[in-house]
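Trainee: build me a model from this:
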Amino acid sequence: MLQVQGLTKRFGGFVAVNGVSFSLEQGEILGLIGPNGSGKSTTFNMIAGLLKPSEGSIMFEGREIGGLPPIEICHGGIGRTFQIPRPFRQLTILDNVVTAAFFGQGGRVGRGKALDQAEEALSLVGLPIDPQAEVASLGAAGLKKLELARAIATQPRLLLADESLGGLDETEMNQAADMLNHIRREKNITIIWVEHIMGVLMRVVDRAIVLDHGEKIFEGLPREVARDPRVIEIYLGSEKIMFDGAEP
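Mentor: The predicted model follows:
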């Protein structure tokens, strides 16, 4: 479904991502992990069109998408969430998702179909479909769910989930991980999940890629990540406790 080859991003003399390559099969959940500043979000932003690659290729379903604008990539079947949810706070929860369903598909669906898709997305993430429910009623976990519902409502074949666990407690993290797995099963959506909290993510992903200082240092099965000396070295310190629980 996705083939990334030699992906590089430079900001002046700083190389944020350096020659990263990987592939993704339809139906997989791929974990893209690494410490803060490792290049995870920059890689995501290039796939989603927010950043233009300095070098390299991004092929989605046989089509080169590197450098295309975000709206074209979204309309082509790639949805994404953001680390910091930014809903339309003047709209209701439902209207936020209806808006995503309509504009995320380039206006190819009418209001009725967009409403149906929005209600389905809200049900998948466990948010109310009450047309009067306000965004102000949501806490941190609810806002993450709304962000996810908006992405699902665009009807993606590939979902880029960017740090969906940030700001959540342990119970909410586990619920978010289970939710992504449920969405994969129910909607047949392929997922790349960017995260730096490894313990929860490793229960869900089929494979994992580890970045450090913009370079891919590991790719393999979740149980193999916990045994790799270089990955262990990177995650020593504050991440160590969560990392120790990563192996199934």
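
Trainee: which residues touch the helix ranked longest in the chain?
Mentor: Looking across the chain with DSSP state H, the single longest helix is helix 170-187. The contact list for helix 170-187, computed with Cβ atoms under 8 Å, 6 or more residues apart in numbering, reads 27, 29, 124-126, 140-141, 144-145, 148, 152, 159, 161, 164-165, 168, 189-191, 193, 197, 200-201, 203-204. Where you see a C-beta, it was placed from the backbone N, CA and C, and this is true even at glycine.

Trainee: and for stretch 142-154?
Mentor: Residues contacting stretch 142-154 (Cβ under 8 Å, 6+ apart): 74, 79-82, 85, 87, 93, 96-101, 104-105, 114, 117-118, 121-122, 124-127, 135, 138, 159, 161, 164, 167-168, 176, 179, 183, 187, 189.

Trainee: enumerate every residue touching the residue most central in space within the chain.
Mentor: The residue lying closest to the centre of the chain (Cα atoms, centre = their mean) is residue 161, at 1.3 Å. By Cβ under 8 Å, 6+ apart, residue 161 lies in contact with 80-81, 148, 151, 180, 191-194.

Trainee: just the element for it, please.
Mentor: strand 158-162 (DSSP states H and E).

Trainee: partner strands of that strand, with direction?
Mentor: strand 78-80 (parallel), strand 190-195 (parallel) (DSSP bridges).

Trainee: what sits up against the first one?
Mentor: Think strand 78-80. Here strand 78-80 makes contact (Cβ under 8 Å, 6+ apart) with 44, 47-48, 60, 65, 74, 104, 151-152, 154-162.

Trainee: if any of these are buried, put those into a ChimeraX selection.
Mentor: Buried subset of the contacts of strand 78-80, written as a ChimeraX selection, criterion 16 or more other Cβ atoms under 10 Å:
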select :44,47,48,60,65,74,104,151,152,154,155,156,157,158,159,160,161,162
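
Trainee: in helices only, show me the contacts of helix 170-187.
Mentor: Residues of the contacts of helix 170-187 located in helices (DSSP H): 124-125, 140-141, 144-145, 148, 152, 200-201.

Trainee: out of those, which comes closest to residue 230?
Mentor: In terms of Cβ to Cβ, no member of those lies closer to residue 230 than residue 201, at 18.3 Å.

Trainee: can you count the residues close to that closest one?
Mentor: 28 (other Cβ atoms under 10 Å).

Trainee: need the pLDDT of it.
Mentor: For residue 201, the model assigns a pLDDT of 78.

Trainee: over to residue 229?
Mentor: 87.

Trainee: off-centre distance for stretch 143-162?
Mentor: Relative to the centre of its chain, stretch 143-162 is centred 8 Å away, using Cα atoms, centre = their mean, to the nearest Å.

Trainee: so, low pLDDT: which residues of the chain?
Mentor: Residue ranges of the chain with pLDDT under 70: 164-167, 236-248.

Trainee: can you rerun that using 80?
Mentor: 163-170, 172, 196-201, 226, 235-248 (pLDDT under 80).

Trainee: which non-adjacent residue is nearest the residue lying farthest from the centre of it?
Mentor: Ranking residues of the chain by C-alpha distance from their mean position (Cα atoms, centre = their mean) puts residue 132 at the top, at 28.4 Å. Take residue 132 and drop its neighbours on the chain: the residue closest to it by Cβ to Cβ, 6 or more residues apart in numbering is residue 92, 6.5 Å away.
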